[in-house]
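*Asks:* Prediction below, plus the sequence it came from.
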Amino acid sequence: MTFSAPNPRTVLITGGNRGIGLAIAEEFVAQGHRVAVTARSGQGPEGTLTVRADVTDAASIDAAFTEVEAAYGPVEVLVANAGITRDLLLMRMTEEDFTDVVDTNLTGAFRVVKRASKGMMKARFGRIILVSSVVGLLGSAGQINYAASKSGLVGLARSVTRELGSRGITANVVAPGFIETEMTAVLPEATQAEYRKSIPAGRFATTDEVAKVIAWLASDDAAYISGAVIPVDGGLGMGH
């Protein structure tokens, strides 16, 4: 079912060609927004504009924004979702393993936020939503690089809020827990069952459940929410 949003916005989602990013893009399309996604390969869902971009490359980000602006106008809603993992125990993790993950997940978010902020400041309107993880708040053995990068998004969002909040721009963090994606589907059933035991809700979230929270944060209803961390984790992190 589709309907027209009361205020259709230009939305850009990084990493919008699979998993949570794909579901986010589909939700914004269903609500009647103008939706673009960045992808290094593959395509976003039907009804979206797919632009090639690598969040580790500022020039490619600038080119992607320019392409979206030409097609849809200035980006009003930015969802920084692109991310990678490189899980290893501390003693085995190289400096490159650490910096590569931080460069994509945290510095990549900085690059897209900085580029989006130009148009948002001019329009005196903007919604910035950073996709973090329950791991960024709880920590996780074997994920020092990933947890550090996802935790850093909280400081980024809160500092952006203090800098740009008076210009009608909000910046929030969504912290998903275990989600039903291709990554969790390949885990052995015994491992999945063990994970579910630690979740008060007793199940993994669907990608749609994360997408709807993000779409709500981008809406006019959430205009007075900024610098917040919204957990979508079935109680796993208890909102740390």
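*Replies:* Received the coordinates, thanks.

*Asks:* After whichever strand or helix holds residue 196, which helix or strand is next?
*Replies:* For residue 196, the host element (DSSP states H and E) is helix 189-197. Using DSSP H and E, the helix or strand that follows helix 189-197 in sequence is helix 207-217.

*Asks:* other SSEs contacting the following helix or strand past that next one?
*Replies:* Going down the chain from helix 207-217, the next helix or strand is strand 229-232, by DSSP H and E. Applying 3 or more Cβ pairs under 8 Å, 6 or more residues apart in numbering; DSSP states H and E, one finds that strand 229-232 contacts helix 134-138, strand 169-176, helix 207-217. C-beta here means a position set from N, CA and C on the backbone, and glycine is covered the same way.

*Asks:* returning to that earlier point: what does the helix holding residue 196 rub up against?
*Replies:* 178, 184, 187, 202-204 (Cβ atoms under 8 Å, 6 or more residues apart in numbering).

*Asks:* How far does stretch 26-44 sit from its chain's centre?
*Replies:* Centroid separation for stretch 26-44 versus its chain: 13 Å, with Cα atoms, centre = their mean, to the nearest Å.

*Asks:* Could you pull out the buried residues of that stretch?
*Replies:* 26-39, 44 (16 or more other Cβ atoms under 10 Å).

*Asks:* out of those residues, which are inside helices?
*Replies:* Within the buried residues of stretch 26-44, residues falling in helices by DSSP state H are 26-30.

*Asks:* thinking again about what came up before, which of the contacts of helix 189-197 sit farthest apart?
*Replies:* Within those, 187 and 202 form the most distant pair, 16.4 Å apart (Cβ to Cβ).

*Asks:* Show me which of the two is the more surrounded one.
*Replies:* Neighbour count, other Cβ atoms under 10 Å: between residue 187 and residue 202, residue 187 has more, with 13 against 10.

*Asks:* and the gap between the closest residue to the more buried one other than its chain neighbours and residue 209?
*Replies:* Excluding the flanking residues, the one nearest residue 187 by Cβ to Cβ, 6 or more residues apart in numbering is residue 195, at 7.7 Å. Computed with Cβ to Cβ, to the nearest Å, the distance linking residue 195 and residue 209 is 16 Å.

*Asks:* in what helix or strand does residue 122 lie?
*Replies:* Assigned by DSSP H and E, residue 122 belongs to helix 108-123.

*Asks:* Check which helices and strands the top helix by length along the chain sits against.
*Replies:* Determined from DSSP H, the single longest helix within the chain is helix 144-164. If contacts are counted by 3+ Cβ pairs under 8 Å, 6+ apart, helix 144-164 sits against helix 95-102, helix 108-123, strand 126-131, helix 134-138, strand 169-176.

*Asks:* can you list those in TSV and add mean pLDDT, mean neighbour count and distance to residue 237?
*Replies:* What follows is these, written out as TSV (pLDDT from 0 to 100; neighbours: other Cβ atoms under 10 Å; distance: least, Cβ to Cβ, whole Å):
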stretch	mean pLDDT	mean neighbour count	distance to residue 237
helix 95-102	98	15	20
helix 108-123	98	19	20
strand 126-131	98	27	15
helix 134-138	93	22	4
strand 169-176	97	26	7
